[in-house]
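Peer 1: Everything below, folded, please.
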Amino acid sequence: IAFGSRVFLTYLLLVASIRSQEVIAAYFLSAADIGFLRLAWRCIDLVSQVAVIPLTTVGLTTYARLQDRPAELAGAFDDFTQASAFVAVPAFFGMAAVAPTLIPFLFGDQWHEAAPVLRILALLAPEFVATSMLWMIFTAVGRNGTALKLAGAQFGLGAVAAVVTAPLGLVALAAGHVARAYLFTPAIVAAAGRFIPVGNRQLARSLLPVTACSAAMAGLVLLVQGPIHAVLGD
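Peer 2: Numbering: from 1, shown residues only. Next up, the predicted model:
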């Protein structure tokens, strides 16, 4: 019961740190803005369910098997992170590049204002991949108390960021969430580093190649989609 309750509360807080944005935003923004925010998160969830969540599930069982061999566990974490990033980061960045076309095509023209929000949230890709794998490590090595404290701190900081940025508009709210995520992730990595040999520099080096290539791809798409649209139209 003690183990399971900590795991449950940790993941409840991780979900709440995202959903609380919508509650806070509802106080400052319109119902339409909340709809745009929810749609952007649905697009993020769609990619994560394909490119991230399956690997975190497999990763958890692998980490648990290696919990008494920290060096091998760290190697497995690096492998899973790179494998997930290889699929997820290009998907997120590519989706951001074509968002103004993709969202009206999939959901209708009335949702076009969700595109700027999706573009900002897609910048979470490297951070999202890394932290999704990191939370599994705490569960695998039985450090759920540490994970619960980190999740609580993340929830609190996310709520503060939402209260500060929501009055400035939907784009500012999304940007505040992305900034909070990147500022807090080093603390999660440092906490995991007390149990296995992982560090922020090592993680950044691991994610840099795929992130740089994905950014170059997205930049190229941004450059060519204007001329393509001029020739082919909608």
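Peer 1: How many residues are close by residue 32?
Peer 2: Other residues lying near residue 32 total 13 when counted by other C-beta atoms under 10 Å. Quick note: C-beta positions are derived from backbone N, CA and C, even for glycine.
Peer 1: State the number of residues packed around residue 195.
Peer 2: Residue 195 sits with 18 neighbouring residues when counted by other C-beta under 10 Å.
Peer 1: How about the contacts made by residue 165?
Peer 2: Contact analysis of residue 165 by C-beta atoms under 8 Å, 6 or more residues apart in numbering lists 172-173, 175-177.
Peer 1: now residue 103: how far from residue 154?
Peer 2: Noted for residue 103: a distance of 28 Å to residue 154, by C-beta to C-beta, to the nearest Å.
Peer 1: what do you get for residue 18?
Peer 2: 10 Å.
Peer 1: Residue 229 too?
Peer 2: Distance, residue 229 to residue 154, by C-beta to C-beta: 40 Å.
Peer 1: who's more crowded, the two?
Peer 2: residue 154 (21 against 12).
Peer 1: Spit out the contact partners of that one.
Peer 2: Going by C-beta under 8 Å, 6+ apart, residue 154 touches 13-14, 17, 184.
Peer 1: What does the pLDDT read for residue 48?
Peer 2: According to the prediction, residue 48 has pLDDT 90.
Peer 1: What strand or helix carries it?
Peer 2: helix 31-51 (DSSP states H and E).
Peer 1: pLDDT of the next helix-or-strand element following that helix, averaged?
Peer 2: For helix 31-51, the following helix or strand on the C-terminal side (DSSP H and E) is helix 53-65. For helix 53-65, mean pLDDT rounds to 87.
Peer 1: Over to stretch 224-231?
Peer 2: 88.
Peer 1: There's contact between residue 90 and residue 216 in this structure, I believe.
Peer 2: No: the pair residue 90 / residue 216 is not scored as a contact, 10.3 Å apart, by C-beta atoms under 8 Å.
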